[in-house]
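Novice: missing the sequence, but the structure's below:
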Ligand SMILES: COc1ccc(C(=O)NC2CCC2)cc1-c1cc(C(C)=O)n2cccnc12
(Lines give C-alpha, C1' and ligand atoms only; values in the text may rest on other atoms or scores of the structure.)
Protein backbone atom coordinates (compact mmCIF):
# COMPACT_ATOMS: atom_id res chain seq x y z
CA UNK A 1 0.00 0.00 0.00
CA UNK A 2 1.10 3.66 -0.39
CA UNK A 3 3.48 4.76 2.37
CA UNK A 4 2.64 8.20 3.94
CA UNK A 5 5.21 10.66 2.61
CA UNK A 6 6.96 12.78 5.29
CA UNK A 7 7.83 16.03 3.57
CA UNK A 8 11.61 16.30 3.12
CA UNK A 9 12.75 19.52 4.86
CA UNK A 10 13.95 22.09 2.34
CA UNK A 11 17.45 23.61 2.69
CA UNK A 12 15.84 26.79 4.08
CA UNK A 13 13.92 24.76 6.67
CA UNK A 14 17.18 23.03 7.64
CA UNK A 15 19.00 26.35 8.11
CA UNK A 16 16.10 27.81 10.14
CA UNK A 17 15.88 24.59 12.18
CA UNK A 18 19.61 24.90 12.98
CA UNK A 19 19.19 28.43 14.40
CA UNK A 20 15.88 27.64 16.11
CA UNK A 21 17.50 24.83 18.10
CA UNK A 22 20.30 27.18 19.26
CA UNK A 23 17.72 29.78 20.34
CA UNK A 24 15.55 27.21 22.17
CA UNK A 25 18.64 26.21 24.19
CA UNK A 26 19.20 29.85 25.20
CA UNK A 27 15.70 29.99 26.70
CA UNK A 28 16.65 27.74 29.64
CA UNK A 29 13.75 28.95 31.84
CA UNK A 30 11.18 28.30 29.10
CA UNK A 31 9.82 31.86 29.32
CA UNK A 32 9.65 31.99 25.52
CA UNK A 33 8.77 28.31 24.94
CA UNK A 34 4.97 28.68 24.81
CA UNK A 35 2.35 31.39 24.23
CA UNK A 36 1.99 33.81 27.19
CA UNK A 37 -1.52 33.43 28.66
CA UNK A 38 -3.66 36.13 30.28
CA UNK A 39 -3.72 34.17 33.52
CA UNK A 40 0.06 34.27 33.94
CA UNK A 41 0.31 37.79 32.49
CA UNK A 42 -2.72 39.98 33.25
CA UNK A 43 -4.23 41.75 30.20
CA UNK A 44 -1.48 40.31 27.95
CA UNK A 45 -3.83 39.71 24.99
CA UNK A 46 -5.08 43.31 25.25
CA UNK A 47 -1.60 44.83 25.31
CA UNK A 48 0.21 42.58 22.78
CA UNK A 49 -1.55 42.54 19.39
CA UNK A 50 0.81 40.05 17.66
CA UNK A 51 1.93 37.40 20.16
CA UNK A 52 4.81 35.09 19.18
CA UNK A 53 6.66 32.26 20.95
CA UNK A 54 9.13 29.48 20.12
CA UNK A 55 6.50 26.71 19.86
CA UNK A 56 4.50 28.76 17.34
CA UNK A 57 7.69 29.37 15.38
CA UNK A 58 8.44 25.63 15.43
CA UNK A 59 4.99 24.92 14.00
CA UNK A 60 5.54 27.52 11.27
CA UNK A 61 8.97 26.04 10.39
CA UNK A 62 7.55 22.50 10.07
CA UNK A 63 4.58 23.79 8.03
CA UNK A 64 6.99 25.53 5.63
CA UNK A 65 5.41 28.91 6.45
CA UNK A 66 8.72 30.83 6.39
CA UNK A 67 9.46 31.79 2.76
CA UNK A 68 12.72 33.53 3.59
CA UNK A 69 15.19 33.58 6.47
CA UNK A 70 14.35 37.24 7.25
CA UNK A 71 10.71 36.17 7.77
CA UNK A 72 11.89 33.79 10.50
CA UNK A 73 14.21 36.41 12.02
CA UNK A 74 11.28 38.89 12.08
CA UNK A 75 9.18 36.50 14.23
CA UNK A 76 12.14 36.06 16.58
CA UNK A 77 12.47 39.87 16.93
CA UNK A 78 8.68 40.20 17.42
CA UNK A 79 8.78 37.65 20.26
CA UNK A 80 11.58 39.54 22.03
CA UNK A 81 10.02 42.97 21.40
CA UNK A 82 6.65 41.82 22.79
CA UNK A 83 8.39 40.85 26.05
CA UNK A 84 10.08 44.26 26.18
CA UNK A 85 6.72 45.97 25.56
CA UNK A 86 4.61 44.10 28.10
CA UNK A 87 7.16 43.68 30.93
CA UNK A 88 8.88 46.45 32.90
CA UNK A 89 12.67 46.76 32.45
CA UNK A 90 13.50 45.34 35.88
CA UNK A 91 11.78 42.00 35.27
CA UNK A 92 13.37 38.62 34.41
CA UNK A 93 11.25 38.60 31.22
CA UNK A 94 12.39 41.98 29.91
CA UNK A 95 16.03 41.23 30.75
CA UNK A 96 15.74 37.72 29.32
CA UNK A 97 14.28 39.11 26.08
CA UNK A 98 17.04 41.72 25.81
CA UNK A 99 19.73 39.04 26.27
CA UNK A 100 18.01 36.59 23.88
CA UNK A 101 17.52 39.30 21.23
CA UNK A 102 21.18 40.38 21.36
CA UNK A 103 22.47 36.80 21.18
CA UNK A 104 19.99 35.77 18.50
CA UNK A 105 20.54 38.72 16.16
CA UNK A 106 24.32 38.34 16.52
CA UNK A 107 24.03 34.65 15.64
CA UNK A 108 21.71 35.37 12.70
CA UNK A 109 23.54 38.44 11.41
CA UNK A 110 24.03 38.99 7.67
CA UNK A 111 27.74 38.26 8.06
CA UNK A 112 27.07 34.94 9.82
CA UNK A 113 24.54 34.00 7.12
CA UNK A 114 27.07 34.81 4.38
CA UNK A 115 29.62 32.54 6.07
CA UNK A 116 26.97 29.80 6.20
CA UNK A 117 26.15 30.31 2.52
CA UNK A 118 29.78 29.65 1.66
CA UNK A 119 29.72 26.20 3.29
CA UNK A 120 26.26 25.19 2.04
CA UNK A 121 26.02 23.35 -1.32
C1 LIG B 1 5.45 30.93 28.60
O2 LIG B 1 5.61 32.01 29.51
C3 LIG B 1 6.06 31.72 30.77
C4 LIG B 1 6.24 30.41 31.24
C5 LIG B 1 6.72 30.18 32.54
C6 LIG B 1 7.00 31.26 33.35
C7 LIG B 1 7.55 31.00 34.71
O8 LIG B 1 8.02 29.90 35.00
N9 LIG B 1 7.56 32.03 35.58
C10 LIG B 1 8.13 31.82 36.90
C11 LIG B 1 9.43 32.57 37.09
C12 LIG B 1 8.76 33.35 38.24
C13 LIG B 1 7.44 32.65 37.94
C14 LIG B 1 6.82 32.57 32.90
C15 LIG B 1 6.36 32.81 31.62
C16 LIG B 1 6.24 34.17 31.15
C17 LIG B 1 6.73 34.62 29.94
C18 LIG B 1 6.47 35.97 29.85
C19 LIG B 1 6.82 36.80 28.74
C20 LIG B 1 7.63 36.21 27.65
O21 LIG B 1 6.44 37.99 28.68
N22 LIG B 1 5.81 36.36 30.97
C23 LIG B 1 5.34 37.61 31.36
C24 LIG B 1 4.73 37.71 32.59
C25 LIG B 1 4.58 36.58 33.39
N26 LIG B 1 5.04 35.36 33.00
C27 LIG B 1 5.66 35.28 31.80
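Specialist: Structure's in. What do you need? Just so we're clear, the structure is a prediction, and the values are computed from it rather than from any experiment.
Novice: Contact partners for residue 51?
Specialist: Residue 51 makes contacts with 35-36, 44-45, 82, as judged by Cβ atoms under 8 Å, 6 or more residues apart in numbering. Bear in mind the C-beta positions are built from the backbone N, C-alpha and C, glycine included.
Novice: roughly how far apart are it and residue 82?
Specialist: Computed as Cβ to Cβ, to the nearest Å, the residue 51 to residue 82 distance reads 6 Å.
Novice: follow-up on the earlier one: ChimeraX command to pick out the buried ones of the contacts of residue 51?
Specialist: Buried residues among the contacts of residue 51 (16 or more other Cβ atoms under 10 Å), as a ChimeraX selection:
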select :36,44,82
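Novice: Just put the contacts of residue 51 in JSON lines and tack on secondary structure and pLDDT.
Specialist: Shown next, in JSON lines, are the contacts of residue 51 (DSSP: H, G, I helix; E, B strand; the rest coil; pLDDT from 0 to 100):
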{"residue": "35", "secondary structure": "coil", "pLDDT": "98"}
{"residue": "36", "secondary structure": "coil", "pLDDT": "98"}
{"residue": "44", "secondary structure": "helix", "pLDDT": "98"}
{"residue": "45", "secondary structure": "helix", "pLDDT": "98"}
{"residue": "82", "secondary structure": "helix", "pLDDT": "99"}
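Novice: Can you give me the neighbour number for the residue in the chain positioned nearest to the ligand?
Specialist: Taking Cβ to the nearest ligand atom as the measure, the chain has residue 41 as its residue closest to the ligand, at 3.7 Å. Residues near residue 41, counting by other Cβ atoms under 10 Å, number 15.
Novice: Give me the common contacts of residue 51 and residue 82.
Specialist: Counting by Cβ under 8 Å, 6+ apart, the contacts common to residue 51 and residue 82 are residue 36.
Novice: secondary structure class for the residue nearest to the spatial centre of the chain?
Specialist: Residue closest to the average C-alpha location in the chain (Cα atoms, centre = their mean): residue 76, at 3.8 Å. For residue 76, the assignment made with DSSP: H, G, I helix; E, B strand; the rest coil gives helix.
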